[in-house]
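Colleague: Requesting a structural model of the entry that follows:
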Amino acid sequence: MTEITSPTFGLILSGASGRQFVLNTSGAITGADAADHVSSQAAGDITVTDDTSPATIEILADAISTSGGLTVNQVLCSYAGGAQTQCDGSPLVATSSASASLKIGVDVTTSQVHNGGDSATVSMDINVTYQ
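Modeller: Numbering: from 1, shown residues only. Model (predicted):
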């Protein structure tokens, strides 16, 4: 696996706790408070290479951690252009290809008031298991 980009929400306006932002696997921001998003978002992008394809693979996000007042509602994955699917808790199951893009998105809710200049992050491990 080769990481091309990490998921990032970019610049979001200052605001109250309890706001929801969804960075989907196409890189768009949706969710109840998407109007507070300003710019520079990007979905995560990982190139997954498989020399033994086709094989059944499971993709799972775990070891999820946050800082700066965020709560992760779900992690979203899209493998090889497939549908966006939740991939934390239970894995996304797919048939591998020789080289495919794995897109990563995140649905978060703010758990504190954010002011100008504040920083918040989400990190996670992405596990790909070949069956």
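Colleague: Name whatever forms a beta bridge with the residue nearest to the spatial centre of the chain.
Modeller: When Cα atoms, centre = their mean is applied to the chain, the residue found nearest the centroid is Gly105 (2.4 Å). Bridge pairing for Gly105 (DSSP bridges) gives the partners Leu76.
Colleague: Distance check, it against Asn24.
Modeller: 5 Å (Cβ to Cβ, to the nearest Å). In this view, the C-beta of every residue, glycine as well, is placed from N, C-alpha and C.
Colleague: still on that earlier bit, surely the residue nearest to the centre of the chain and Val75 touch.
Modeller: Yes: if you go by Cβ atoms under 8 Å, Gly105 and Val75 touch, sitting 7.4 Å apart.
Colleague: quick revisit: show the pLDDT at the residue nearest to the centre of the chain.
Modeller: Gly105 is assigned 97 on the pLDDT scale.
Colleague: For this protein, give me the ranges with low pLDDT.
Modeller: Within the chain, not a single segment meets pLDDT under 70.
Colleague: Mutual contacts of Gly105 and Asn24, please.
Modeller: Ala43, Leu76, Gln84 (Cβ atoms under 8 Å, 6 or more residues apart in numbering).
Colleague: filter the residues you listed to the buried ones?
Modeller: Using 16 or more other Cβ atoms under 10 Å as the burial test, those include Ala43, Leu76 as buried.
Colleague: From the shared contacts of Gly105 and Asn24, pick the one nearest Ala32.
Modeller: Leu76 (16.3 Å; Cβ to Cβ).
Colleague: how about that closest one, what does it touch?
Modeller: The contact partners of Leu76, by Cβ under 8 Å, 6+ apart, come to Val22, Asn24, Thr25, Gln84, Thr85, Gln86, Cys87, Ile104, Gly105, Val106, Asp107.
Colleague: let's go with 7 Å and repeat that
Modeller: Asn24, Thr25, Gln84, Thr85, Gln86, Cys87, Gly105, Val106, Asp107 (Cβ atoms under 7 Å, 6 or more residues apart in numbering).
Colleague: Sweet, I'm off.
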